[in-house]
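The sequence isn't on hand, but the structure is:
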């Protein structure tokens, strides 16, 4: 839920691969956006939307993917202008990044940069306004959770049990890695000066 163009909206990413925006006060559907190219075919190249949409400066950021049991495959990441109305698949497209694989992760946005992992184990850093790619990092294992950005660092866990700390910014720099003994599927959560996670 967020205020977009002065309107409180509920953004719902759905199992048919569409993202839809609803007016919070009335439930009226304001817009919808298909995250799959028209020539995509289920289940090979057409995806659901499992990750949570992120609202930032009147834009909605979302990646698509499938249940991890369906394996790896092509994915899509979008920036959507959610001030538009109706079917905004074309009119609301700000940018589209098709070098991401299937993702079930939620993007993090900080200082104009977007960070998002995919299920194939790559963490991507892009310009939130333009979609320009600055770097990717190979975790060498599937990522189910999301990135957590705090105090100039990007934290992410993977299926091999590694938690990796990357420097936030346009230049890729790995600051630390630690193996936690079993898979880290969830996103790290900060509270009271500490990070909490389960493995």
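Thanks, I have the structure now. Just so you know, these numbers come straight off a predicted model, no measurement behind them. Numbering: from 1, shown residues only.

Same question for stretch 144-161: list its buried residues.
144-149, 154-159, 161 (16 or more other C-beta atoms under 10 Å). Placement of C-beta: from N, CA and C, glycine included.

show me what contacts residue 47?
Taking C-beta atoms under 8 Å, 6 or more residues apart in numbering, we find residue 47 in contact with 17, 35, 36, 40, 64, 65, 66, 73, 75, 76, 102.

re earlier: with pLDDT, distance to residue 82 and secondary structure as added columns, please give the buried residues of stretch 144-161 in CSV.
Shown next, in CSV, are those (pLDDT from 0 to 100; distance: C-beta to C-beta, whole Å; DSSP: H, G, I helix; E, B strand; the rest coil):
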residue, pLDDT, distance to residue 82, secondary structure
144, 96, 27, coil
145, 96, 25, coil
146, 97, 20, coil
147, 98, 22, coil
148, 97, 24, strand
149, 97, 22, strand
154, 98, 25, strand
155, 97, 28, strand
156, 98, 26, strand
157, 98, 30, strand
158, 98, 31, coil
159, 97, 33, coil
161, 98, 37, coil
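
Which single one of these is nearest to residue 1?
When those are ranked by distance to residue 1 (C-beta to C-beta), residue 146 comes first, at 18.1 Å.

Quick check: that closest one touching residue 117?
Yes. Counting by C-beta atoms under 8 Å, residue 146 does reach residue 117; the two are 7.1 Å apart.

Can you classify residue 198 as helix, strand or coil?
Following DSSP: H, G, I helix; E, B strand; the rest coil, we place residue 198 in the coil state.

who touches residue 186 in this structure?
Here residue 186 is in contact with 144, 145, 157, 197, 198 (C-beta under 8 Å, 6+ apart).

Let me know the closest of the residues you listed to residue 94.
Nearest to residue 94 among these, with distances taken as C-beta to C-beta, is residue 145, at 25.6 Å.

Please report the distance of the closest one from residue 62.
16 Å (C-beta to C-beta, to the nearest Å).

is it true that residue 35 touches residue 76?
Yes. Between residue 35 and residue 76 there is a contact under C-beta under 8 Å: 5.7 Å.

Quickly list what's touching both of those two.
With C-beta under 8 Å, 6+ apart, residue 35 and residue 76 have common neighbours 47, 63, 64.

Please flag which of those residues sit within strands.
If you go by DSSP state E, these have residue 63 in strands.

Who does the closest residue to residue 9 other than its chain neighbours form a beta bridge with?
Of all residues not flanking residue 9 in the chain, residue 21 sits nearest, at 4.8 Å (C-beta to C-beta, 6 or more residues apart in numbering). In this structure, residue 21 bridges to residue 11, residue 31 when assessed by DSSP bridges.
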